[in-house]
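Novice: below is the sequence, then the predicted model.
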2 protein chains.
Amino acid sequence: MTAPGAAADAAWFTEQHAQSGSAFGLRIKARVHAEQTPFQSIEIFETTDWGMLMVIDGCTMVSSRDNFLYHEMMSHPALFSHPRAKRVVIIGGGDCGTLHEVLKHEEVERAVQVEIDERVTRLAEQYFPELCASNHDPRAELLFVDGIAYMAEQEPESIDLVIVDSTDPVGPAEGLFNAAFYASCHKALRPGGILVQQSESPLVHLDLIKAMRTAMRMAHFQAVRTLTFPQPLYPTGWWSCTMARKHADLTDFRERGAATRQFATRYYSVETHKAALALPPFVREALGE
Amino acid sequence: MTAPGAAADAAWFTEQHAQSGSAFGLRIKARVHAEQTPFQSIEIFETTDWGMLMVIDGCTMVSSRDNFLYHEMMSHPALFSHPRAKRVVIIGGGDCGTLHEVLKHEEVERAVQVEIDERVTRLAEQYFPELCASNHDPRAELLFVDGIAYMAEQEPESIDLVIVDSTDPVGPAEGLFNAAFYASCHKALRPGGILVQQSESPLVHLDLIKAMRTAMRMAHFQAVRTLTFPQPLYPTGWWSCTMARKHADLTDFRERGAATRQFATRYYSVETHKAALALPPFVREALGE
């Protein structure tokens, strides 16, 4: 029952992140599920203090306690940066937490979640039911197909917002971090449309963030902005997402809409949206801003 | 050579934080020093990716790579919230990183570091020389005495800023988190003076932050504000400090001074100062703001 990286005197699951030389762990009561899907290994743990924990290929993916940080920041800044996002596509996001946040916006008429591995969603339904509370919303559509192929097949100028809520850029998600994929997104987006993608840690993945931003610009996105926020479960506990916009800038967002939103958030607010946009000097310098 | 919590196939030092049920670790090349002082155990590790690491009583204290986040945010927001802090006292802070940041401000005429354990500073001089670069500044004074007694003995209204850069509120630092200590600080501060104290993780220590803020108000501080910032080395990777001010509010800070500062910072800027003040809804609610 003791996971790799755990001490002998108690049960801990610890992800040792080779690239950054840092590790994060949670104390666990039990591993309640484990399986190998055609795409990856998935484990579910019950923790002592963080609720349920999903681990994919040995990487901590989502916990009950802290996922609101990531899911809110992957959704609301982009949705309040767009004047009225009616059609939203989520690539990845199989735990359905991003879908749940997106559907809090009444302007969204259709949200399609494109997750390659159906088992992620089925396990989320079982172990993270709060994240799946909107799966039966009539505006929601859950597809279990390859997101790269899906985006390549979309009608030009048919989508307002693409959210890439993927695992790290190794394995199945690798093809989501390159110019070809961004070109598909750019083509599928309407003018003013936004692509937002999780972009790893500002402390240890600045090269990746920089490469991603360059690739987005090469795909003819007019404006690119990176936001940061806390996310304990991911390496260094400090995470980011990067927004790219077609035929429009990303200077402002709908502050009034955000301030008068009719739904609850735990991390997102007008103030934390602005805070996320405030990149520290060392990040600005590395990104050439 | 394998530390507690480390995997068998590589050397990691991992701190398992019992209270939050989370753990953080760094991959290490070697433990280069270990000793038991009259106050605590101190270990120094050379890591693969984070430079040097100091561990006190099994808790990760400071690494070469990420300490700028904490040291800058413990210093500059308070110094730019005060119109002209001439006399500064640092309680704890034995690694000298806070002292180094404080002395970047030319308005500071005297900065006294009051660290109970001289060995922390001697080891910092050896393994973190960049943090000790201002130890011989003529404005600096390094004392190795008990900070609680020191503050109780200070002349009334003689200090502009007290920075409590301590370990967690257990063991030697416990007496730094209560109303009696805050009363000493309040008495020693000049009108408009500021106390700033590290206040743990906004995600898992909200009760502590709330208790600290209540105790500060009981000690007659007029205004109290909590700031948050990333700090990978500490539990959850998301950290905070709490400022309290005597006979004045904490609504604004010297934005122009911060924007035109004549020294380099890596995390601190006008924008990140404001970002740190932007508490998310769940924190505001818990703190009754």
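Specialist: It's in.

Novice: any idea how many residues pack against whichever residue of the stretch 51-200 of chain A sits closest to chain B?
Specialist: Here the stretch 51-200 of chain A gets closest to chain B at one residue, residue A:66, 6.6 Å apart by C-beta to the nearest C-beta. Using the backbone N, CA and C atoms, a C-beta is placed for each residue, glycine as well. Neighbour count for residue A:66, taken as other C-beta atoms under 10 Å in any protein chain shown: 25.

Novice: not counting sequence-adjacent ones, nearest residue to it?
Specialist: residue A:232 (5.0 Å; C-beta to C-beta, 6 or more residues apart in numbering or on different chains).

Novice: so that neighbour, which of the three states?
Specialist: coil (DSSP: H, G, I helix; E, B strand; the rest coil).

Novice: which residues touch it?
Specialist: A:24, A:66, A:69, B:22, B:203, B:236, B:237, B:238 (C-beta atoms under 8 Å, 6 or more residues apart in numbering or on different chains).

Novice: who does the helix or strand harbouring the first one pair with, and is each partner parallel or antiparallel?
Specialist: Element membership for residue A:24, per DSSP states H and E: strand A:22-36. Sheet pairing of strand A:22-36 (DSSP bridges) gives strand A:12-17 (antiparallel), strand A:41-47 (antiparallel), strand B:22-36 (antiparallel).

Novice: I'd like to know which of those strands is closest to residue A:263.
Specialist: When the strands paired with strand A:22-36 are compared by C-beta to C-beta, strand A:41-47 sits nearest residue A:263, at 27.5 Å.

Novice: distance of the closest residue in space to residue A:262 that isn't next to it in sequence from residue B:144?
Specialist: Leaving aside its sequence neighbours, residue A:262 sits nearest to residue A:106 (C-beta to C-beta, 6+ apart; 7.7 Å). Remark: distance between residue A:106 and residue B:144 (C-beta to C-beta, to the nearest Å) = 62 Å.

Novice: quick check: end-to-end length of stretch A:160-178?
Specialist: Stretch A:160-178 has its terminal residues 20 Å apart, counting by C-alpha to C-alpha, to the nearest Å.

Novice: quick one: mean pLDDT over it.
Specialist: Regarding stretch A:160-178, the rounded mean pLDDT is 84.

Novice: equivalent analysis for stretch A:224-231, please.
Specialist: Here the average pLDDT along stretch A:224-231 is 98.

Novice: any idea how far residue A:184 is from the most centrally placed residue in chain A?
Specialist: Note on chain A: the residue nearest the mean C-alpha position is residue A:165, at 3.2 Å, using C-alpha atoms, centre = their mean. Distance of residue A:165 to residue A:184, given as C-beta to C-beta: 17 Å.

Novice: kindly report the same for residue A:234.
Specialist: 26 Å.

Novice: the two: who's more crowded?
Specialist: residue A:234 (24 against 20).

Novice: which residues does that one contact?
Specialist: A:24, A:60, A:70, A:200, A:201.

Novice: likewise residue A:97?
Specialist: Here residue A:97 is in contact with A:62, A:67, A:70, A:71, A:124, A:128, A:131 (C-beta under 8 Å, 6+ apart).

Novice: I'd say the first one and residue A:51 touch.
Specialist: No - using C-beta atoms under 8 Å, residue A:62 and residue A:51 do not qualify as a contacting pair, with a distance of 9.8 Å.

Novice: neighbour-wise, which of those two wins?
Specialist: Neighbour count, other C-beta under 10 Å: between residue A:62 and residue A:51, residue A:62 has more, with 24 against 18.

Novice: does the more buried one sit in a helix, a strand or a coil?
Specialist: strand.

Novice: any idea of the pLDDT on it?
Specialist: 98.

Novice: again with the one 3 residues further on
Specialist: pLDDT recorded at residue A:65 is 98.
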